[in-house]
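# Provided below are the primary sequence and the corresponding predicted coordinates.
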Amino acid sequence: MACPSFCTSSWAPRLPCFDGDSSNRFRGRNLSGDLLPSLGATTTQQPPKLRRHLVSPYDPRYKVWEIFLILLVVYSAWICPLEFAFLRYLPRAPFIVDDVVNGFFAVDIVLTFFVPYVDSKSYLLVDDPRKIAVRYLSSWFAFDVCSTFPFHSISLLFNRHDHSLGLKFLNALRLWRLRRVSSLFARLEKDIRFNYAVIRCTKLISVTLFAIHCAGCINYLIADRYPDPRRTWIGASMPDFREAGLWVRYVTSLYWSITTMTTTGYGDLHAENTREMLFGIAYMLFNLWLTAYLIGNMTNLVVHSTSRTRDFRDMVQAASEFAARNQLPQQIEEQMLNHICLRFRTEGLKQQETLEILPKAMRASISICLFFPVVQGSYLFKGVSSGFIQQLVTEMQAEYFAPKEDVMLQNDKPSDLHLLVSGAVDVLAFLDGTEQIFGKAAEGELLGETGVMSNKPQPFTFRTTKPSQILKISRSKLMDIMQENREDGQIIRSNFHQKLRMEQRLYIAMHQDDRVSASEQRLDP
């Protein structure tokens, strides 16, 4: 199986091999909102062709239209409570803007009858106009119409200029549009292109500001409708508050709302009558729930971002105390701490967790893409078939080793064959009670193949000198694959014996040179 040139032997962190066309298809998509293909569909098939006069829900122009409506929803969420409380003092201009905004949402109501939807059971795009209409009429159509109907403008046509609470409640139906904002945040939280913590914090801040805004407006409405304006929370400190400017009254309302929500309560603005006391009680009870909601969400975000670091620090401290308590040598303590630090960095990549959730065939394809070149370049597997190497790399596992960490020890049982992908390793052995370096292993070289192939204890210790990435496969799996592929197994054994003979000749030549040098020294007068 050939692998594209951009797939190298380096493991961290890369994506599986995709064709150029397919990678373009996956790039920049919202994974939570894409359509699931029907059974039997292939990735090369185009999306289903819609009927005439229908608008695709994934059309970029329709996406822009949805974003534009979200901006109008934000405006409606701010102006609606403001009009609810300060309606009799507002000029005609805001109502003209409201009518324009209502016109855009009326267009969206009509447009919804031409937008296909995704069936919740089959995950197929339904483009039948009759089914689209029935679904919309039986769900949110009535609410959308009521939230878009221009009640205030209609009342002016009939020369009704009263500002009763009934009309205000009808105008407050526009807050139904906030469901669009809720749906937007739900989609953004699942969209991998955006930071989850940022989206979540933005949502929490938006909910808090909207609650403060609504509570301030409602509390002002209660004071404005009370018969004696001086016996109100705002009239006690501002007797002629109705004559004050809109900005002053609005800021004062927000000030009361924020101090009450945060339970500060400076005492300068407080309830003066039974109506205000009842609303204050309801608002503070609501604040208990909102505060718990905010604290719970923020705690989850903080714990999620700091739990790994806290566990890492605890593990490092425990390892240091263990080494000190048992009086371990400094070298072993450094190996322990280096291994913990490297494990912390590699766990952040979530490579193993990602591979474990994938099907076995996909994991095999990824392993072939990443490891095929480096395994094929090893001397032991020179001349073997591609199928053999594919079987081999499918069974291999990647591990990271910190500097000065032992990969294998001398005289260990030959259980695994290791292949150095990146980094550097020293080859050591104990002679006369001292540890001596016999050589160095470079990238692409095998470690411990002598013990594995001859089924003898490992003759050397292999210790890393810098962060190294190593592939390993158990001896039993390697022998099983060689048994299944007898011809390739013979080639591997031949390569191994040829390497041994070459090393023996080099060893004999080196010793002959040493003997000749010693003889020359003895003959030298």
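Yep, it's here.
# quick one, helices of the stretch 101-250 of the chain?
129-137, 141-148, 151-157, 165-171, 178-190, 196-224, 246-261 (DSSP state H, counting those that start in this stretch).
# Report the buried residues of the last one.
Which is helix 246-261. Neighbour counts over helix 246-261 (16 or more other C-beta atoms under 10 Å) mark 249-250, 252-254, 256-257, 259-261 as buried. Using the backbone N, CA and C atoms, a C-beta is placed for each residue, glycine as well.
# Dump the helices of the stretch 101-250 of the chain into a markdown table; add mean pLDDT and distance to Asp426 as well.
Converted to a markdown table, the helices of the stretch 101-250 of the chain look like this (pLDDT from 0 to 100; distance: least, C-beta to C-beta, whole Å):
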| stretch | mean pLDDT | distance to Asp426 |
| --- | --- | --- |
| helix 129-137 | 90 | 69 |
| helix 141-148 | 89 | 73 |
| helix 151-157 | 68 | 83 |
| helix 165-171 | 69 | 79 |
| helix 178-190 | 87 | 48 |
| helix 196-224 | 92 | 43 |
| helix 246-261 | 93 | 64 |
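# now those helices in CSV, with distance to Glu395?
Shown next, in CSV, are the helices of the stretch 101-250 of the chain (distance: least, C-beta to C-beta, whole Å):
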stretch, distance to Glu395
helix 129-137, 51
helix 141-148, 58
helix 151-157, 72
helix 165-171, 69
helix 178-190, 35
helix 196-224, 36
helix 246-261, 60
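# Looking at the ones you listed, which is nearest to Gln391?
helix 178-190 (38.2 Å; C-beta to C-beta).
# Taking helix 196-224 as reference, get the angle to the closest one.
Angular relation of helix 178-190 and helix 196-224 on a 0 to 180 degree scale: 160 degrees, by axes from the mean of the first three to the mean of the last three C-alpha atoms, to 10 degrees.
# domains of this structure?
Domain assignment for the chain by the TED database gives 51-193, 195-349, 359-511.
# For the longest one, what is the distance to the chain centroid?
If you compare the mean C-alpha spot of domain 195-349 with that of the full chain, they lie 24 Å apart, counting by C-alpha atoms, centre = their mean, to the nearest Å.
# repeat for the shortest one
With C-alpha atoms, centre = their mean as the basis, domain 51-193 stands 31 Å off its chain's centre.
# how near is the nearest residue to Tyr255 once chain neighbours are set aside to Ser253?
Nearest residue to Tyr255 in three dimensions, chain neighbours excluded: Leu269, at 7.0 Å (C-beta to C-beta, 6 or more residues apart in numbering). Leu269 sits 9 Å away from Ser253, going by C-beta to C-beta, to the nearest Å.
# Spell out which residues are contacts of both of the two.
Residues touching both Leu269 and Ser253 by C-beta atoms under 8 Å, 6 or more residues apart in numbering: Ile234.
# quick one on the thing from earlier: now the two most distant members of the buried residues of helix 246-261.
Arg249 and Met261 (18.8 Å).
# pLDDT value on the residue nearest to the spatial centre of the chain, please?
Nearest residue to the geometric centre of the chain (C-alpha atoms, centre = their mean): Ile192, 5.6 Å. pLDDT recorded at Ile192 is 74.
# Repeat that for Arg515.
46.
# can you check Gly40 too?
Value for Gly40, per-residue pLDDT: 41.
# Repeat that for Ser76.
So Ser76 comes in at 90 (pLDDT).
# By residue count, what's the longest strand in the chain?
In the chain, assigned by DSSP state E, the strand with the most residues is strand 416-431.
# Give the rounded mean pLDDT of that strand.
For strand 416-431, the mean confidence score works out to 87.
# List the buried residues of it.
So for strand 416-431, counting by 16+ other C-beta under 10 Å, buried means 416-423, 425-429.
# and if you look at stretch 487-507?
Under 16+ other C-beta under 10 Å, the buried positions of stretch 487-507 are 488-489, 491-492, 495-496, 499.
# Could I get the full set of helices for the stretch 251-400 of the chain?
274-325, 330-349, 351-356, 360-376, 386-394.
# helices or strands up against the first one?
Which is helix 274-325. Contact here means 3 or more C-beta pairs under 8 Å, 6 or more residues apart in numbering; DSSP states H and E; on that basis helix 274-325 packs against helix 196-224, helix 246-261, helix 330-349.
# In JSON lines, list the ones you listed along with distance to Phe149.
Output for these, formatted as JSON lines (distance: least, C-beta to C-beta, whole Å):
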{"stretch": "helix 196-224", "distance to Phe149": "21"}
{"stretch": "helix 246-261", "distance to Phe149": "26"}
{"stretch": "helix 330-349", "distance to Phe149": "53"}
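# Which one of those lies nearest to Thr291?
helix 246-261 (8.0 Å).
# what does the closest one contact?
With C-beta under 8 Å, 6+ apart as the test, helix 246-261 has contacts from 82, 85-86, 89-90, 208, 211-213, 215-217, 219-220, 233-234, 238, 241, 264-266, 269, 280, 283-284, 287, 290.
# filter the residues you listed to the buried ones?
Buried, going by 16+ other C-beta under 10 Å: 82, 85-86, 208, 211-213, 215-217, 219-220, 233-234, 238, 241, 269, 280, 283, 287, 290, out of the contacts of helix 246-261.
# And Ile332, how far from His339?
Ile332 sits 11 Å away from His339, taking C-beta to C-beta as the criterion.
# For these two, indicate the residue with more neighbours.
Comparing Ile332 with His339 by other C-beta atoms under 10 Å, the one with more neighbours is His339, at 16 against 13.
# Does the more buried one touch Tyr400 like I think?
No - assessed by C-beta atoms under 8 Å, His339 is found out of contact with Tyr400, at 9.2 Å.
# Can you name the residues that contact Asp416?
Contacts of Asp416 (C-beta under 8 Å, 6+ apart): 408, 448, 452, 472-475.
# Now with 7 Å, please.
The neighbours of Asp416, taking C-beta atoms under 7 Å, 6 or more residues apart in numbering as the test, are 472-475.
# List the buried residues in stretch 226-241.
Result for stretch 226-241 [16+ other C-beta under 10 Å]: buried residues 226, 229, 232-236, 238, 241.
# Pick out whichever of the residues you listed sits closest to Phe388.
Trp233 (84.1 Å).
# So that closest one is in contact with Gly267, correct?
No - with contact defined as C-beta atoms under 7 Å, Trp233 does not count as touching Gly267 (11.4 Å).
# and Tyr379, how many neighbours?
13.
# show me where pLDDT drops low in the stretch 351-500 of the chain?
351-353, 355 (pLDDT under 70).
# Met479 versus the closest residue to Leu428 other than its chain neighbours, what's the distance?
Among residues not flanking Leu428 along the chain, Thr461 sits closest, at 4.5 Å (C-beta to C-beta, 6+ apart). Going from Thr461 to Met479 by C-beta to C-beta gives 24 Å.
# okay, these two: which has more neighbours?
Neighbours per residue (other C-beta under 10 Å) separate Thr461 from Met479, with Thr461 holding more: 21 against 14.
# what are the phi and psi angles of that one?
Here is the backbone geometry of Thr461 (degrees, to the nearest 10): phi -100, psi 130.
# mind checking which helix or strand the residue nearest to Arg177 when sequence neighbours are not counted is in?
When the adjacent residues along the chain are set aside, Arg177 lies closest to Val73, with 4.6 Å between them (C-beta to C-beta, 6+ apart). Counting by DSSP states H and E, the element that carries Val73 is helix 60-86.
# No more questions from me, cheers.
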